[in-house]
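Enquirer: How does the following fold in three dimensions:
(one chain, ligands or ions: 2)
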Amino acid sequence: MASIIEARNLTKTYNNFIAVQGLNIQVSEGECFGVLGPNGAGKTTALKMLYGTSSITKGELFVLGLNARKNIKKIKREIGVVSQEDGLDFDFSVLDNLLVYSRYFGIPRNQAFKTSKELLRSMHLDNYMDQSVEVLSGGLRRRLVIARALLTEPKVLFLDEPTTGLDPQSRLWIWNLLLGLKRKGITLVLTTHYMEEVERLCDRLVILDKGRTLCEGTPQELISTNIGNEVIEFHVEMSDIDYHLEKIRDRFEYQVFNNKIRLFIPNTVPAKDIMSSVSSDNIIIRRASLDDVFLKVAGYDLNTDIKDL
Ligand SMILES: Nc1ncnc2c1ncn2[C@@H]1O[C@H](COP(=O)(O)OP(=O)(O)OP(=O)(O)O)[C@@H](O)[C@H]1O
Ligand SMILES: [Mg+2]
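Expert: Ligands and ions are numbered 1, 2, ... in the order given. Here you go, the predicted model:
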């Protein structure tokens, strides 16, 4: 499959601070590629380099076969961007936000009008067409920003945390929308810190932490190579930790986190065969997830508050 995006050793430094270090990715046509990481991981910086609003300190980038250092204007005509900040204009109505944006791209007024109305209809925003953006909820604003990014009929859509801060229902709506866009053949590149978002949408992902790439692959590959199929999780008193670990230390991989031990069960051994090594009344066996992968490769839980690190 043709590579729509190819980044080699992509690096961004601010003075001496390395925000993104040696990012290598290849995104194929029609796939959804995720950039997962906690606050400050370098997701926005990486994405901005990919869509051409942040200069590249080092490395090479090809988008749609074009060298991004030389053809950024051409590339920008073929891509859509949903940035982390909405950037909507509160002085304009919902429809006018789209019309004004169309003008930046030189879309003829008649066509802009027609496309904008169609997009608003498909986003279920047509009832708000003449209202101020101010009346829209967070979820509806996100839909409007996505509509705006689609005005130019992009081949690739970049989305920086498309559902952060939204309620579960709005998030689901946007996930379905994005899956629909993917079915139409639009290549998606999105950043997120939600594991569920990755699991629902992304064919492949890269996990970033402090600018570095921790791992890259399909969700299933990352889970099965780093963890296995299943995880046994049980609560322990930290004073008894040595007692619990004694029985498992040399036999299995594990993580201790928040008064819990997570045992990673190799694919070759059913979790139930290991239960005899575990002394606790409060045991769950569950499928391994990307949360476990993150905890293993980063050494802390993605949901940990950054202040607690
Ligand atoms: N313009 C800038 N000048 C200096 N440092 C910057 C600049 N932009 C970002 N950084 C730093 O680079 C690092 C990565 O920031 P970035 O915004 O890419 O992270 P992120 O993964 O998008 O985080 P979040 O989840 O909070 O959006 C952070 O430490 C940030 O402070
Ligand atoms: Mg960001």
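
Enquirer: Show me what counts as buried in stretch 88-108.
Expert: Of the residues in stretch 88-108, 88, 93-99, 101-102, 107 count as buried by neighbour count, 16 or more other Cβ atoms under 10 Å. Backbone N, C-alpha and C define where each C-beta goes, glycine included.

Enquirer: residue ranges of the strands in the stretch 101-250 of the chain, please?
Expert: Taking DSSP state E, counting those that start in this stretch as the test, the strands found in the stretch 101-250 of the chain are 156-160, 187-192, 204-209, 212-217, 230-235.

Enquirer: out of the ones you listed, which comes closest to Ser122?
Expert: When the strands of the stretch 101-250 of the chain are ranked by distance to Ser122, counting by Cβ to Cβ, first place goes to strand 156-160 at 14.3 Å.

Enquirer: Need the contact partners of that closest one.
Expert: Outside of strand 156-160, the residues within contact range by Cβ atoms under 8 Å, 6 or more residues apart in numbering are 4-5, 27, 43-44, 47, 50-51, 63-64, 78-84, 146, 149-150, 178, 181, 186-191.

Enquirer: Quick check: PyMOL command selecting the buried ones in those.
Expert: Once 16+ other Cβ under 10 Å is used to decide burial, the buried members of these can be selected in PyMOL as follows:
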select buried, resi 4+5+27+43+44+47+50+51+63+64+79+80+81+82+83+146+149+150+178+181+186+187+188+189+190+191
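
Enquirer: Keep only the contacts of strand 156-160 that also lie close to ligand 1.
Expert: The subset of those within reach of ligand 1, by Cβ under 6 Å from any ligand atom, is 43-44, 84.

Enquirer: Can you report how many residues lie near the residue lying closest to His124 once chain neighbours are set aside?
Expert: Spatial nearest neighbour of His124, excluding adjacent residues (Cβ to Cβ, 6 or more residues apart in numbering): Arg143 at 7.5 Å. Burial measure for Arg143: 23 neighbouring residues, criterion other Cβ atoms under 10 Å.

Enquirer: And the pLDDT at Arg143?
Expert: In the predicted model, Arg143 carries a pLDDT score of 97.

Enquirer: Can you tell me how far Ser122 is from Lys182?
Expert: Using Cβ to Cβ, to the nearest Å, one gets 15 Å for the distance from Ser122 to Lys182.

Enquirer: brain fart, Arg69
Expert: Taking Cβ to Cβ as the criterion, Arg69 is separated from Lys182 by 28 Å.

Enquirer: Which one of those two is surrounded by more residues?
Expert: The residue with the greater number of neighbours, taking Arg69 and Lys182 and applying other Cβ under 10 Å, is Lys182; the counts read 18 against 13.

Enquirer: Tell me, what's the model's pLDDT at the more buried one?
Expert: On pLDDT, Lys182 comes in at 97.

Enquirer: List the contacts of it.
Expert: 30-32, 188, 201.

Enquirer: What's the ChimeraX line that selects buried ones from the residues you listed?
Expert: Only the buried entries of the contacts of Lys182 go into this ChimeraX selection, using 16+ other Cβ under 10 Å:
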select :30,31,32,188,201
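
Enquirer: so can I have TSV of the contacts of Lys182 showing pLDDT and distance to Asp209?
Expert: Converted to TSV, the contacts of Lys182 look like this (pLDDT from 0 to 100; distance: Cβ to Cβ, whole Å):
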residue	pLDDT	distance to Asp209
Gly30	96	28
Glu31	97	23
Cys32	98	21
Leu188	98	22
Leu201	97	21
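
Enquirer: Close to ligand 2: what parts of the stretch 1-150 of the chain are there?
Expert: 43-44, 84 (Cβ under 5 Å from the ion).

Enquirer: How many residues are close by whichever residue of the stretch 151-300 of the chain sits closest to ligand 1?
Expert: Taking Cβ to the nearest ligand atom as the measure, the point where the stretch 151-300 of the chain comes nearest ligand 1 is His193, at 5.9 Å. Close neighbours of His193, defined as other Cβ under 10 Å, add up to 18.

Enquirer: Quick check: it touching Gly37?
Expert: Yes. When contacts are counted by Cβ atoms under 8 Å, His193 is listed as touching Gly37 (6.6 Å).

Enquirer: between these two, what contacts are shared?
Expert: With contacts defined as Cβ under 8 Å, 6+ apart, the residues shared by His193 and Gly37 are Lys43.
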